[in-house]
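**Student:** Okay, sequence plus prediction incoming.
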Amino acid sequence: MKPAVILVGADKGGVGKTTVSRALLDYLAANDIPARAFDTESPRGTLQRFHPAVTKIVDVTQTTDQMRIFDTLSDTKASVTVIDVRAGQLSNTLKALKDVGFLDAVNEGDFTFVLFHVLGPSVSSLGEIAEIAPFVTDAHYFLVKNFINDTTFFEWDPKTYSSYFGKVKSSGDVTVPKLDALACEKVEVAGVPFASFVAGKTGRGDEAQNSFVLRGYVRTWLRNVSAEFDRVGLRALLLPKPRRR
Amino acid sequence: MGCVRMMRRQPVYLVCSPHPRVGTSTTARLLADYHVVEKRPFATFDTDPHERVLATFFPAETTVADLSVTRGQIALFDRLLVPSPEVRIVDIWTRSYRQFFAQASDIGFFEEAERLDLQPIVLFMTNGSFDAVDAADEIARTWPELPMIVVSNEGAAPLGEAVHDHLASFPTDRNFQIPELDPIMRRHIENPNFSLSRFLLYPPSDMSLVVRADLRTWLRSVFAQFHSYHLRNALEGTRYLLK
């Protein structure tokens, strides 16, 4: 299987990028795709709080941490590396990826590169697309509309939208639906992967006393998010194609 | 083995209708009073936060759950699934009807109930309209394993001649009929201090003999149907003995 890097980022904070990373790690686990993650919210990482076993905190602008990530892509047991990019650092991180030669290696077919660009509700969010466009010519670039926090994309008028989207080669849109507020809060407090919350487990694997209703809400939400990842063909991108006989 | 399991499964009665004024709360109340008379423990759930009929008559046993808010949904569904020897009776408010079944589907309530050895049973209140047939049919199509009893409350929604043909098209072989009650007696039973089970167990001496006799006949006819359903289920559960 060709190693893959999935970058999850946004140039604005509070758009739910770590939620998307968490859902991605659950999706990969559910599909038996071994994954590891890097949380760039150094020194403290939100992603690491939910997925401590597979997540390391790094500063992606530091050379030593860049080596920890990119020099190990082919050696690690994890076939997919998820990088949760700190808010406001997406453009800089992409530039760093270019500088270390990762984007060239993607161009040569050594790695699969997927970018989930989590958009905010304002038009300025669309402006980020133009900044990112030069770095994603060989990436599978997905725009993510995250409704988990009840976001309404009210500022986007269709003309503006299409004028920005014409500038970038996008592989598709992913819509993350809204999750019930109380369910969202309880998972936050529990500090476990969504899948563990659904299964009624604590971070240590013990039985948790989670509400059945809230587990149901999270289960349905996670199923819908996974269906979105399936719809845009994420699994097919990451899994090796079966050999023809 | 399936029969033995069915016998042991604790009933969760879901009294519901997509239409108002068909006697949903009255039926839920009658079912609760039947359990009082039979001395079987029960818990009731009222999903109408505005007009709390069950909470009025069974304040100690009733949980009021407003399904329009998450905490209300937790108060209902989570409590329904708690292991307990109590029979559960849910009065599903007309305005919560769609939400109840949509949510039950979303959170996998019926599957979880089966896993926990609970037996949800729908008591579908009909007004004999095609809409009611369609609504009952939709439940039967979505959850084919879910037992359904069609209840017609003749006092709340009088059925015309032609309606019996419609009733025959319901996806069930089980029907309960709640006979019409004289307006004088209806006034009696609507009094918040009037308990149907207490009346049956300890008939008040100061009540008119005529009212007493009519009310007793009415209650006995309803309770006899509940009892026959209960016995039929118990019999189903012992069928393995005949093999």
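**Tutor:** Yep, that arrived.
**Student:** Spell out which parts of chain A neighbour chain B.
**Tutor:** Chain A has residues A:180-183, A:211-217, A:219-220 near chain B, with proximity defined as C-beta under 8 Å from any C-beta of the partner chain. (C-beta placed from N, C-alpha, C; glycine too.)
**Student:** Show me what the residue nearest to B:Ile92 when sequence neighbours are not counted is bridged to.
**Tutor:** Of all residues beyond its chain neighbours, the one nearest B:Ile92 is B:Cys16 (3.8 Å), with distances taken as C-beta to C-beta, 6 or more residues apart in numbering or on different chains. With DSSP bridges as the criterion, B:Cys16 is bridged to B:Phe124.
**Student:** now the helices: where do they sit in the chain?
**Tutor:** No chain specified, so I'll use chain A. The residue ranges that make up the helices of chain A, judged by DSSP state H, are A:17-30, A:46-50, A:63-70, A:90-99, A:102-107, A:123-132, A:158-165, A:181-190, A:194-198, A:212-231, A:234-238.
**Student:** look at chain B instead
**Tutor:** Counting by DSSP H, the segments of chain B that form helices are B:2-8, B:24-37, B:53-57, B:70-73, B:79-80, B:97-107, B:109-115, B:130-142, B:163-168, B:183-190, B:196-201, B:209-237.
**Student:** Give me the neighbour count for residue 16.
**Tutor:** By default, I'm working from chain A. Neighbouring residues of A:Gly16 were enumerated by other C-beta atoms under 10 Å in any protein chain shown; the total is 23.
**Student:** sorry, should have said chain B
**Tutor:** Residues lying near B:Cys16 (other C-beta under 10 Å) number 27.
**Student:** just for chain A, where's the confidence low?
**Tutor:** Counting by pLDDT under 70, the low-confidence segments of chain A come to A:121-128, A:149-170, A:240-245.
**Student:** List the buried residues in stretch A:89-99.
**Tutor:** Of the residues in stretch A:89-99, those with enough neighbours to count as buried (16 or more other C-beta atoms under 10 Å in any protein chain shown) are A:Gln89, A:Leu90, A:Ser91, A:Thr93, A:Leu94, A:Lys95, A:Ala96, A:Leu97.
**Student:** Dihedrals phi and psi, the residue lying closest to the first one once chain neighbours are set aside?
**Tutor:** The spatially closest residue to A:Gln89, leaving aside those adjacent along the chain, is A:Thr40, at 6.6 Å (C-beta to C-beta, 6+ apart). Note on A:Thr40: backbone dihedrals following degrees, to the nearest 10 are phi -100, psi 10.
**Student:** Distance check, A:Thr40 against chain B.
**Tutor:** In this view, A:Thr40 and chain B are 33 Å apart by C-beta to the nearest C-beta, to the nearest Å.
**Student:** Relative to B:Glu190, which of the helices of chain A is closest?
**Tutor:** B:Glu190 lies closest to helix A:212-231 among these, at 33.4 Å (C-beta to C-beta).
**Student:** For chain A, what's the nearest residue on chain B?
**Tutor:** Using C-beta to the nearest C-beta, the closest approach of chain B to chain A is made by B:Ile107 at 2.3 Å.
**Student:** Surely that residue and A:Val218 touch.
**Tutor:** No - with contact defined as C-beta atoms under 8 Å, B:Ile107 does not reach A:Val218; the gap is 9.6 Å.
**Student:** what's the burial count for A:Arg68?
**Tutor:** Applying other C-beta under 10 Å, we find 14 other residues in the vicinity of A:Arg68.
**Student:** quick one: contacts for the nearest residue to it once chain neighbours are set aside?
**Tutor:** Spatial nearest neighbour of A:Arg68, chain neighbours left out: A:Val58 (6.2 Å); criterion: C-beta to C-beta, 6+ apart. By C-beta atoms under 8 Å, 6 or more residues apart in numbering or on different chains, the contact list for A:Val58 reads A:Phe38, A:Asp39, A:Thr40, A:Ser42, A:Asp65, A:Arg68, A:Ile69.
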